[in-house]
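*Asks:* Got a predicted structure here, sequence first:
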Amino acid sequence: MAYQATVLPIMIASPGDVSEERDVARTVIHDWNYLNSVSTGVVLMPVGWDTHSSPELGERPQALINQRVLGECDILIGVFWTRLGSPTGVADSGTVEEIEEHVKAGKPALLYFSSKPVAPQSINPDQYEAVQRFKRECQSRGLVEQFDTILEFREKLFRQLHICLNKNEHLRRILDEATPGGVTVEVPEVDIRPGRLSPDAKYLLKLASKDKNGLILKVATLSGRFIQAGGQSLGGSGGRESSKWEGALNELIGWSYVTGRGVRGEVYELTIDGWKLADTLPEAA
């Protein structure tokens, strides 16, 4: 099915020791498109210097990347582990320069620092200290995220990317200006957002509303990963099915229809907006 959409390029900025995380970031972006692009009219496009640059002389290599690749991007995802990268003559590394240029342009940057185990003999002490120093500097300027496993990185990125798309003023301005015909129609939030939720997210929201406490549980067992709500268990029959319902939960989190309880990311409950929206949805089968 063909449809019109606004394309938002996303720069994936990282040193060479996080190739797995780069692949996960691209997968998360593709998953977001699969779940949301038709209903939102937005398509996210992963971009990187390794896939979107070409040979060219006459300027610093990093300057060319900044001009030809980074400058077109509306969001940046930065990931670090044990290496910061090589100095560019302008910044401590190419990745750092990309982040600084992007932030200076008033665009959102989502930064993630890995705490995965690593063999001590494989660490360059100077590089590791440079990462820690840059992390401390970023923490003094805003919010950064940390993760211990690839699965945790995937879940956090999916959820926080959705929040960024919904809340960031730079992105909201782009999407508002992309409204067909330049016409803005003011409709109460509870009426406009259902159309932006996937059918799975609507189903999960309605299901959770059948519980008097409006709870959604995220459960991992030896037999699989499940989302439990309204007396039903969803997922668990395979990685694809589990990811589908985890994606539905992340949608509800991103729209602030549910909120987490506790610190382990296992218990969620409907917000007042979630209850209001659930009342407008048809009964879950």
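*Replies:* That came through fine.
*Asks:* Which other helices and strands does whichever strand or helix holds Arg173 contact?
*Replies:* Arg173 belongs to helix 169-177 when assigned by DSSP states H and E. Packing contacts for helix 169-177, counted by 3 or more CB pairs under 8 Å, 6 or more residues apart in numbering; DSSP states H and E, involve strand 6-13, helix 150-167. Where you see a C-beta, it was placed from the backbone N, CA and C, and this is true even at glycine.
*Asks:* Name the surrounding residues that touch that helix.
*Replies:* Thr6, Leu8, Val42, Asp74, Ile75, Gly106, Lys107, Pro108, Cys164, Leu165, Asn166, Thr184 (CB atoms under 8 Å, 6 or more residues apart in numbering).
*Asks:* So among the residues you listed, where is pLDDT lowest?
*Replies:* Within the contacts of helix 169-177, pLDDT reaches its minimum at Thr184, with 36.
*Asks:* hmm, back to that, return the member of the helices and strands packed on helix 169-177 having the minimum mean pLDDT.
*Replies:* helix 150-167 (a mean of 90).
*Asks:* list the helices and strands it packs on?
*Replies:* Under the contact criterion of 3+ CB pairs under 8 Å, 6+ apart, helix 150-167 touches helix 19-40, strand 75-80, strand 109-114, strand 145-147, helix 169-177, helix 239-254.
*Asks:* tell me which residues of that helix are tucked away?
*Replies:* 152-166 (16 or more other CB atoms under 10 Å).
*Asks:* do the same with stretch 38-50
*Replies:* In stretch 38-50, counting by 16+ other CB under 10 Å, buried: Thr40, Gly41, Val42, Val43, Leu44, Pro46, Val47, Gly48, Trp49.
*Asks:* hang on, the earlier thing: pipe the helices and strands packed on helix 169-177 into CSV and attach distance to Glu100 per row.
*Replies:* Converted to CSV, these look like this (distance: least, CB to CB, whole Å):
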stretch, distance to Glu100
strand 6-13, 10
helix 150-167, 19
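*Asks:* so Ile216, which of the three states?
*Replies:* Counting by DSSP: H, G, I helix; E, B strand; the rest coil, the backbone at Ile216 sits in strand.
*Asks:* how near is Trp81 to Glu21?
*Replies:* 8 Å (CB to CB, to the nearest Å).
*Asks:* outside of stretch 266-279, which residues touch it?
*Replies:* 189-190, 193-194, 205-206, 208-209, 213-219, 249, 252-253, 255-261.
*Asks:* which among those end up buried?
*Replies:* 193, 205-206, 208-209, 214-218, 249, 252-253, 255-258.
*Asks:* Below-threshold pLDDT in the protein: ranges please.
*Replies:* For the chain, the stretches with pLDDT under 70 are 1-2, 49-59, 179-196, 263, 284-285.
*Asks:* tell me the domain boundaries of it?
*Replies:* 6-173, 188-280 (automatic domain parsing).
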